Each structure stands twice: as structure tokens, then as C-alpha cells.
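> Structure for this input, please:
(chains A and B)
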Amino acid sequence: MISLRWLSLVFASSLLLTTSGRAGTFDSPFADSTICGAGDVAGSLATVDAFVLSPHCATLCKKTESDCKAFVRKIAACYVSFFGTAAQFALRNCAEGSDPVTVKACKLSTAATLRGIKEGIALERGGAFADCEAWSAACQAVCAAP
Amino acid sequence: MKSLAFVSLLVVSSLWVAGPARAGTFFPPFSDVSVCGDETVAAHMADPNSLVNATRCDALCKKAAGACKKFVNRIVACKIQHFVTATAFFVESCKEEATPELVASCKVGIKQDLADIEDVLKGQRDTQLLQCEVWGVDCQVACP
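The predicted model follows:
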């Protein structure tokens, strides 16, 4: 499941990248960032009582948190790469404009948009890390006392 | 839209996760590989004629096909890692069986199951890499 926060980012980012590079003649062939998956890894995990019967319950909860964060990192990196690629096409598109002033404004706008998107992804990644930690804390809380 | 092969993979994976041979005390918390995304990247790209008005159409087609492949590889690698992670939990679960015999019995087939799933994913990856190439060729053909 993709989180609402993540979806909002994806839609906002797609809109920004396709409207900022208007000086040229084409759009990026990469417009659907959902190929990179769901940032909400914790939301895809089993219920927090998954390890309650295990004598190593707390350790397994912590391992899950670590793996959860590793997947969040991979997915966030995919989004960064996706929008970086889309921005490269947007910049090429800018360069095809005929008016130097418009071309420059187009490039500046695209670069600023990409910076904003990267900041948004970093925020989402932080939120997804917190969700992994919350899952782990809840998981440890239901483990039997040692 | 997900391909039939991809749906088959999900079904196979679900069976693997819930299989009767898994006798440990818990199941892996990671069972939803779709968090890694969708490797049918070419199917999510714009029409191959989308670059027809670009002055460097041909070069951009090649660049797009290359980027497509990069994303396919990235997404499939994530999915393989997802199953490797789930397998590690399976093995840990088996270790909690009461006797060495039960531990050994529990572990039987886990590595082979993982190898089978990796083979399916690699086949899916190769298919999608080919789709990226097809997109690139169609794009170049459409260039003036």
C-alpha cells in the first residue's frame, strides 16, 4: 500500500515536472513514478504480534525494523533516480527552446523543482523510517517478558 | 497493469510463504513484494513517438531505453532482496523447532524454493529488459 503522504508527493512531483519544462517540444517519457513501489513498507508488514511465540521475539522485532528501513532506503533511492531522470529529459527539452531567456528560466525552474522533489522524498523517507521504528516498538511491546 | 507472469509469480510466492513445509514458530513479516514496485517499466512509459519533435530524437530514444533498463534492474533486485529477507526469517523460524530432526526437516527445500523464485524473477527481468529495447527501437523508428 502506498501511503497518502507518498501518493501526494508522487502526484505533486509529476505535475511539477511536466509543467516546468515548457520551453521545448517534448515531455519526459518517464511520468509514472509508481513503478518505484510503496514508500510505506511498515504498512506492508505482518501484524506486530508476528513473533510473540518466539523466544527471540524482541531480537526478531529489531531485525524486522532494520530490514524495513533497508527497503525504505531502496525505494526512496528509486524515486530520487526516477525524478532525476525525468529532470534530465526536462532540461533537454528546455534546451530546445528558441528564446535564450525562456530557456534559462525553464532550466532554473526545472532545477528548482527537482530540488523540491528531492527534499520531499527525504521527508517521506524520514516518515517511513519512523513507521518502521513504530512497528518495531509495538512488536517488542507484545513480546512475552523475558 | 501487471503481466500474467507477474501475477503467477505473486501466486507462487504466496504459496511458498504459506507452504505446509514451513514448520517453524512464526512466518516472515515480509510477504508483500509489491512494495518494491513494478518492473514492467516500458509499459509505464510515454508512447514511443513522444520524442519525435526533439532535435536529438534518436539519442534521446537510446537514453530513455537505457534508463528503462536501469529501473527494471533496480526493481527486480529489490524483489530478490525481499525474498532473501523472507528466507532468512524462515530459517530463523526453523531453528526454533524442538529437535534437530525437526529443524533439519523444516529447512528442507527452503534454499531450493528461493532459487526457484530467483529464477522466475530473473526471467521476468530479462523479459522486461527486452521490452525496454523494443520501446527504444520503436522510438527510433518514429524519429524523423
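
> Please count neighbours and contacts with C-alpha atoms only from this point.
Fine.

> For residue A:83, what is the enclosing helix or strand?
helix A:57-95 (DSSP states H and E).

> Return the list of helices and strands in contact with the one helix or strand residue A:124 maps to.
In this structure, residue A:124 sits in helix A:100-142 according to DSSP H and E. On a contact count with 3 or more Cα pairs under 8 Å, 6 or more residues apart in numbering or on different chains; DSSP states H and E, helix A:100-142 meets helix A:4-20, helix A:57-95.

> Chain B contacts on chain A?
A:1, A:25-32, A:34-41, A:44-47, A:50-51, A:53-54, A:64, A:67, A:71, A:74-75, A:78, A:82, A:85, A:93, A:96 (Cα under 8 Å from any Cα of the partner chain).

> Out of those residues, which sit inside helices?
A:64, A:67, A:71, A:74, A:75, A:78, A:82, A:85, A:93 (DSSP state H).

> Let me have those in TSV, extended by neighbour count and pLDDT.
What follows is those, written out as TSV (neighbours: other Cα atoms under 10 Å in any protein chain shown; pLDDT from 0 to 100):
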residue	neighbour count	pLDDT
A:64	25	98
A:67	18	98
A:71	24	97
A:74	19	96
A:75	26	96
A:78	22	96
A:82	23	95
A:85	19	95
A:93	25	92
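
> which one of the residues you listed is nearest residue B:66?
Checking those against residue B:66 by Cα to Cα gives residue A:85 as the nearest, at 10.7 Å.

> most centrally placed residue in chain A?
Nearest to the geometric centre of chain A sits residue A:76, at 3.9 Å (Cα atoms, centre = their mean).

> For chain A, give the residue positioned nearest to chain B.
residue A:37 (3.3 Å; Cα to the nearest Cα).

> nearest residue to that residue other than its sequence neighbours?
With Cα to Cα, 6 or more residues apart in numbering or on different chains as the criterion, residue A:37 has its nearest non-adjacent residue at 3.3 Å, and that residue is residue B:37.

> What count of nearby residues applies to the one you found?
Burial of residue B:37 is recorded as 24 neighbouring residues (other Cα atoms under 10 Å in any protein chain shown).

> Quick check: residues of chain B near chain A?
Counting by Cα under 8 Å from any Cα, chain B sits next to chain A at B:25-32, B:34-41, B:44-47, B:50-55, B:64, B:67, B:71, B:74-75, B:78, B:85, B:96.

> Mind doing that once more with 6 Å?
Taking Cα under 6 Å from any Cα of the partner chain, the part of chain B that reaches chain A is made up of B:26, B:29, B:30, B:35, B:36, B:37, B:38, B:45, B:46, B:51, B:53.

> which helices and strands sit right next to the host helix or strand of residue B:60?
Under the criterion of DSSP H and E, residue B:60 resides in helix B:57-94. If you count contacts as 3 or more Cα pairs under 6 Å, 6 or more residues apart in numbering or on different chains; DSSP states H and E, helix B:57-94 packs onto helix B:110-142.

> Perfect, that will be all.
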